[in-house]
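# Quick check, what structure comes out for this input:
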Amino acid sequence: MTCIVGLLENGNIYMGGDSAGVGGYSLSTRKDEKVFINGEFIFGFTTSFRMGQLLRYSLDPPERYPKIDVYKFMVNDFINAVRKCLKDGGYAQKDKEEELGGTFLVGYQGRLFEIEDDYQVAEVFENYASCGCGFDLALGSLFSTEGQEPEKRVRMALEAAAKFSAGVSPPFNIKILSGREELTNA
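Alright, predicted model coming up:
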């Protein structure tokens with residue numbers, strides 16, 4: 001289920017998500033948003049609504065000291081806080097001594113990261129990323145709309161994913177983060 005799209009443009013982080021809740025062949029349209037802002041971070045999640053609820057309402061994101069590199073901070077301090085949050089909330093799983101969480105995008109300090117279910121932190125060269133079952137459709141759309149208005153690109157990527165993936169469904173929730181402020185909720 002799900003398509004989450006993140007885009008960096010002019011210092012802003014645009015993030016959008018769909019509203020599908022999928023279980024087997026059943027689809028429900030959820031009111032609880034998959035994209036939200038928590039402190040200086042913007043999140044968009046897939047995998048589990050429970051994981052998203054914990055990231056939104058239970059995670060107390062750590063502060064980064066200015067001398068610490070952003071990527072190093074994300075790999076260490078941020079991920080340790082996420083692991084503790086998911087563990088305390090009863091969501092984290094262990095399989096053959098490997099700890100597993102879920103997949104989500106997170107924007108911070110004008111950068112965009114994808115957190116995988118094994119807690120690895122990915123940052124790609126493109127100024128956009130996507131996760132969820134419609135990710136490849138969204139990436140194709142983002143590639144082909146280069147140069148267009150950012151919020152429109154995010155919406156078009158979500159629409160492409162909804163058109164061709166059974167696990168993606170409107171309405172779409174798009175938020176924009178610039179520094180510590182939420183600029184819009186389209």
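# Let me see the ranges of the strands in this structure.
Taking DSSP state E as the test, the strands found in the chain are 3-9, 12-17, 20-23, 26-29, 35-38, 41-45, 93-95, 98-100, 104-108, 111-115, 121-122, 128-132, 173-178, 181-185.
# so which of these gets nearest residue 161?
Nearest to residue 161 among the strands of the chain is strand 3-9; the distance by C-beta to C-beta comes to 3.9 Å. Quick note: C-beta positions are derived from backbone N, CA and C, even for glycine.
# want to throw the strands of the chain into JSON lines with mean pLDDT, distance to residue 160 and mean neighbour count?
Shown next, in JSON lines, are the strands of the chain (pLDDT from 0 to 100; distance: least, C-beta to C-beta, whole Å; neighbours: other C-beta atoms under 10 Å):
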{"stretch": "strand 3-9", "mean pLDDT": "97", "distance to residue 160": "9", "mean neighbour count": "26"}
{"stretch": "strand 12-17", "mean pLDDT": "98", "distance to residue 160": "12", "mean neighbour count": "26"}
{"stretch": "strand 20-23", "mean pLDDT": "91", "distance to residue 160": "15", "mean neighbour count": "16"}
{"stretch": "strand 26-29", "mean pLDDT": "91", "distance to residue 160": "18", "mean neighbour count": "11"}
{"stretch": "strand 35-38", "mean pLDDT": "98", "distance to residue 160": "17", "mean neighbour count": "20"}
{"stretch": "strand 41-45", "mean pLDDT": "98", "distance to residue 160": "16", "mean neighbour count": "26"}
{"stretch": "strand 93-95", "mean pLDDT": "82", "distance to residue 160": "32", "mean neighbour count": "10"}
{"stretch": "strand 98-100", "mean pLDDT": "87", "distance to residue 160": "29", "mean neighbour count": "13"}
{"stretch": "strand 104-108", "mean pLDDT": "98", "distance to residue 160": "17", "mean neighbour count": "25"}
{"stretch": "strand 111-115", "mean pLDDT": "97", "distance to residue 160": "19", "mean neighbour count": "21"}
{"stretch": "strand 121-122", "mean pLDDT": "98", "distance to residue 160": "22", "mean neighbour count": "14"}
{"stretch": "strand 128-132", "mean pLDDT": "98", "distance to residue 160": "10", "mean neighbour count": "26"}
{"stretch": "strand 173-178", "mean pLDDT": "96", "distance to residue 160": "15", "mean neighbour count": "21"}
{"stretch": "strand 181-185", "mean pLDDT": "44", "distance to residue 160": "21", "mean neighbour count": "12"}
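# Please dump the ones you listed into JSON lines; it should also carry distance to residue 67 for every row.
Formatted as JSON lines, the entries for the strands of the chain read as follows, by distance: least, C-beta to C-beta, whole Å:
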{"stretch": "strand 3-9", "distance to residue 67": "23"}
{"stretch": "strand 12-17", "distance to residue 67": "23"}
{"stretch": "strand 20-23", "distance to residue 67": "42"}
{"stretch": "strand 26-29", "distance to residue 67": "45"}
{"stretch": "strand 35-38", "distance to residue 67": "24"}
{"stretch": "strand 41-45", "distance to residue 67": "20"}
{"stretch": "strand 93-95", "distance to residue 67": "34"}
{"stretch": "strand 98-100", "distance to residue 67": "29"}
{"stretch": "strand 104-108", "distance to residue 67": "16"}
{"stretch": "strand 111-115", "distance to residue 67": "17"}
{"stretch": "strand 121-122", "distance to residue 67": "19"}
{"stretch": "strand 128-132", "distance to residue 67": "27"}
{"stretch": "strand 173-178", "distance to residue 67": "23"}
{"stretch": "strand 181-185", "distance to residue 67": "25"}
